[in-house]
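Visitor: predicted structure and sequence below. I'll ask about it afterward.
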Amino acid sequence: MAKRPASSLLFEGSEWNFATLSRAYDAIEAIAIGEMGLDVYPNQIEVISSEQMLDAYSSVGMPLMYQHWSFGKRFVFESHLYRKGYRGLAYELVINSNPCITYLMEENTMPMQALVTAHAAFGHNHFFKNNYLFRQWTDASAILGYMDFAKKYVAKCEERHGPAAVEEILDAAHALMDQGVFHYRRPPRLSSEKVTERARERLEYEEQTYSDLWRTLPTAGGNAGIEAAEQEALERKQALNLPEENLLYFLEKHSLILEPWQREILRIVRVIAQYFYPQGQTKVMNEGCATFVHYFIINRLFDQGRMSEGAMLELLASHANVVFQPDFDDPRFSGLNPYALGFAMMQDIERICTRPTSEDRDWFPTIAGNGDWRGTLLDAWENHRDESFILQYLSPTLMRRFRLFHLTDRADERFCEVASIHDERGYSAVRAALARNYDPGVNRPDIQVVDVDLLGDRQLRLRHSVKHGILLNESDRDATLAHVRRLWGYNVSLSGVDAQTGASLYECSATEA
């Protein structure tokens, strides 16, 4: 390596101060915006201690959060592992907000401060601002204000109603957090004028089509009562907009026992769950984007003579640790590392756009050799989630490199079967199987409110559509149903039905103790 002139370096050694942080930020921003074409929220950089980072860990990474015993429990757990040396802390933490808040650990060396600034303040920041899921489901400009309101509101409720009463509601709401999000956009509510207009149109239609001859037809006998009950149930479900996938929303709006302050706490938990909903679907893309951005930027800084050889070696060592992927038979293996897979796919897209093989041209005719890897990546980051991204961009080259294979494990079979490997016949099957692993519709239990008679027994009826024969853990299921009953106030039943055949698989309920 050629020795860099000291005068051109952004910093020397591992020590940092705010002047070097500012100088490095300006150089990183010039490359991220000017060369890569990233579009980011304004950045707010804050330097925090390890204790503050542990505190942020415990409160789901939010700078403002209401108090709950589970956060304190997690703080003690994370702190114990950190003090014993069993686990390190993240070098940074980034908040999807406008301005985008990036926390840097004060214990970081200056080279690491530069790397995590590129990674979080520009890589993650760009992804938060531009990916369609974040634009559709989150309001970056409002989240900090809402979290401030939530923290103060819960504290006020504790003063007025007591910590135990608030804790009881929060425990139940947290237990239902995964069933407290909308997975699809809801149609807008009709205005009162529109509802009145539609009722008038129905009456006019009935008057125009009415014929007195229908009165002379014989009655249906015993079927009339059945038809009337079915019609009543249909109207009841339509009035309540059933089935409803968002269990917290339904309880917030229709529970007959909750007080206004309790409904507001359910709403707070539901809003937070919805805020984090896109992050679970974009882990590979989000981390891959940020890793690709920091890797490109630090290499450009080195090429410009702004980074020393020592700093570069430190950063490359850290980068290699982040994207390390253990083999499937390695004791450290726990699945595909999202950093490794995401970064490899971003680099592979760059290769396909600039140096395609004949195989790439067959698999990716629209991007192979187009020469515009920046535009291709920006488009992918904006318009995909993990499932669709893998299904569209995972190449045979990467499948061979990662040595991917598809393993089928059926309960009624004695042995597992390697159904597909990384060869000509197996590429499509392996890619589709891997993409399904990132499909939230496959991995989350589909539980919906299907019926309740508010004027009758008031029993809340839930239905679990069982996919691939995967049932709920009985102890967790029963404990969660107890929380549902606590919020609903009356009996709750859950029926499991096969998603394909509709056959009943199980029935359970939560009744008053």
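Guide: Structure's in. What do you need? Residues are numbered from 1 along each chain as shown.

Visitor: mind listing what's buried in stretch 115-133?
Guide: Residues 115-131, 133 are the ones in stretch 115-133 that count as buried (16 or more other Cβ atoms under 10 Å). Using the backbone N, CA and C atoms, a C-beta is placed for each residue, glycine as well.

Visitor: among those residues, which are in helices?
Guide: Taking DSSP state H as the definition of helices, the buried residues of stretch 115-133 contribute 115, 116, 125, 126, 127, 128, 129, 130, 133.

Visitor: pull the most distant pair out of the residues you listed.
Guide: Longest distance between any two of these is 26.3 Å, between 115 and 133; criterion Cβ to Cβ.

Visitor: not counting its neighbours along the chain, what's nearest residue 467?
Guide: In space, and not counting its chain neighbours, residue 467 is closest to residue 499: 4.9 Å by Cβ to Cβ, 6 or more residues apart in numbering.

Visitor: confidence-wise, which helix or strand of this structure is lowest on average?
Guide: helix 192-209 (a mean of 60; mean pLDDT, DSSP states H and E).

Visitor: who's in contact with residue 253?
Guide: The neighbours of residue 253, taking Cβ atoms under 8 Å, 6 or more residues apart in numbering as the test, are residue 263.

Visitor: domains of this structure?
Guide: Listed domain ranges for the chain are 7-131+282-314, 323-441, 445-510 (source: automatic domain parsing).

Visitor: how many neighbours does residue 143 have?
Guide: Using other Cβ atoms under 10 Å, the number of residues around residue 143 comes to 19.

Visitor: cool, and residue 422?
Guide: Around residue 422 there are 19 other residues, counting by other Cβ under 10 Å.

Visitor: also residue 429?
Guide: Applying other Cβ under 10 Å, we find 14 residues neighbouring residue 429.

Visitor: for residue 447, same thing?
Guide: As a burial measure, residue 447 scores 21 neighbours (other Cβ under 10 Å).

Visitor: same question for the one 3 residues further on.
Guide: Per other Cβ under 10 Å, the neighbour tally for residue 450 reads 16.

Visitor: next: the one 10 residues further on.
Guide: Residues lying near residue 460 (other Cβ under 10 Å) number 29.

Visitor: still on that earlier bit, tell me the contacts of the residue nearest to residue 467?
Guide: Residue 499 neighbours (Cβ under 8 Å, 6+ apart): 446, 465, 466, 467.

Visitor: ok, of those, which come out buried?
Guide: Using 16+ other Cβ under 10 Å as the burial test, the contacts of residue 499 include residue 466 as buried.

Visitor: which of the contacts of residue 499 lies closest to residue 320?
Guide: Distances from residue 320 to the contacts of residue 499, taken by Cβ to Cβ, are shortest for residue 467, at 38.3 Å.

Visitor: please tell me how far that closest one sits from residue 279.
Guide: Separation of residue 467 from residue 279 (Cβ to Cβ, to the nearest Å): 23 Å.

Visitor: can you check residue 124 too?
Guide: As for residue 124, its distance to residue 279 is 10 Å (criterion: Cβ to Cβ).

Visitor: give me the common contacts of those two.
Guide: 96, 286.

Visitor: what sits against the most centrally placed residue in the chain?
Guide: Central residue of the chain (Cα atoms, centre = their mean): residue 280, 2.3 Å from the mean position. By Cβ under 8 Å, 6+ apart, residue 280 lies in contact with residue 440.

Visitor: repeat for the one 3 residues further on
Guide: Contact partners of residue 283, counting by Cβ under 8 Å, 6+ apart, are 338, 342, 386.

Visitor: related to what we said a few turns ago, reformat the ones in helices among the buried residues of stretch 115-133 as TSV; add pLDDT.
Guide: What follows is those, written out as TSV (pLDDT from 0 to 100):
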residue	pLDDT
115	94
116	92
125	96
126	97
127	97
128	96
129	96
130	96
133	94
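
Visitor: so can I have TSV of the residues you listed showing distance to residue 183?
Guide: Listed next are these as TSV, based on distance: Cβ to Cβ, whole Å:
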residue	distance to residue 183
115	35
116	32
125	26
126	25
127	20
128	20
129	22
130	21
133	11
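
Visitor: closest to residue 18 among those residues?
Guide: Nearest to residue 18 out of these is residue 116 (Cβ to Cβ; 15.6 Å).

Visitor: what is the neighbour count of the residue lying closest to residue 141 once chain neighbours are set aside?
Guide: Sequence neighbours aside, residue 98 is the residue nearest to residue 141 in space, at 4.4 Å (criterion: Cβ to Cβ, 6+ apart). Residues near residue 98, counting by other Cβ under 10 Å, number 19.

Visitor: need the contact list for the closest residue to residue 356 other than its chain neighbours.
Guide: Excluding its sequence neighbours, the residue lying closest to residue 356 (Cβ to Cβ, 6+ apart) is residue 368, at 3.9 Å. Taking Cβ under 8 Å, 6+ apart, we find residue 368 in contact with 352, 353, 356, 360, 361.

Visitor: repeat the analysis, applying 6 Å as the threshold.
Guide: 352, 356, 360, 361 (Cβ atoms under 6 Å, 6 or more residues apart in numbering).

Visitor: turn those into TSV, columns for distance to residue 32 and pLDDT.
Guide: Listed next are the contacts of residue 368 as TSV, based on distance: Cβ to Cβ, whole Å; pLDDT from 0 to 100:
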residue	distance to residue 32	pLDDT
352	23	97
356	26	96
360	27	95
361	31	95
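
Visitor: just the buried ones among the residues you listed, please.
Guide: 352, 356, 360.

Visitor: surely the second one and residue 369 touch.
Guide: Going back to what we said before, that points to residue 356. Yes - counting by Cβ atoms under 6 Å, residue 356 does reach residue 369; the two are 4.7 Å apart.

Visitor: and the pLDDT for the closest residue to residue 35 other than its chain neighbours?
Guide: Leaving aside its chain neighbours, residue 35 sits nearest to residue 300 (6.9 Å; criterion: Cβ to Cβ, 6+ apart). Listed pLDDT for residue 300 reads 96.

Visitor: please apply the same query to residue 235.
Guide: Listed pLDDT for residue 235 reads 75.

Visitor: for the one 10 residues further on, same thing?
Guide: pLDDT recorded at residue 245 is 91.

Visitor: least confident pick among the contacts of residue 499?
Guide: Among the contacts of residue 499, residue 467 has the lowest pLDDT, at 87.

Visitor: mind checking how far residue 47 is from residue 116?
Guide: Per Cβ to Cβ, residue 47 is found 11 Å from residue 116.

Visitor: show me where the stretch 1-150 of the chain has its strands.
Guide: For the stretch 1-150 of the chain, the strands defined by DSSP state E, counting those that start in this stretch cover 43-48, 92-95, 100-105.

Visitor: let me have these in TSV, extended by mean pLDDT, mean neighbour count and distance to residue 270.
Guide: Listed next are the strands of the stretch 1-150 of the chain as TSV, based on pLDDT from 0 to 100; neighbours: other Cβ atoms under 10 Å; distance: least, Cβ to Cβ, whole Å:
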stretch	mean pLDDT	mean neighbour count	distance to residue 270
strand 43-48	91	16	27
strand 92-95	82	24	20
strand 100-105	90	22	23
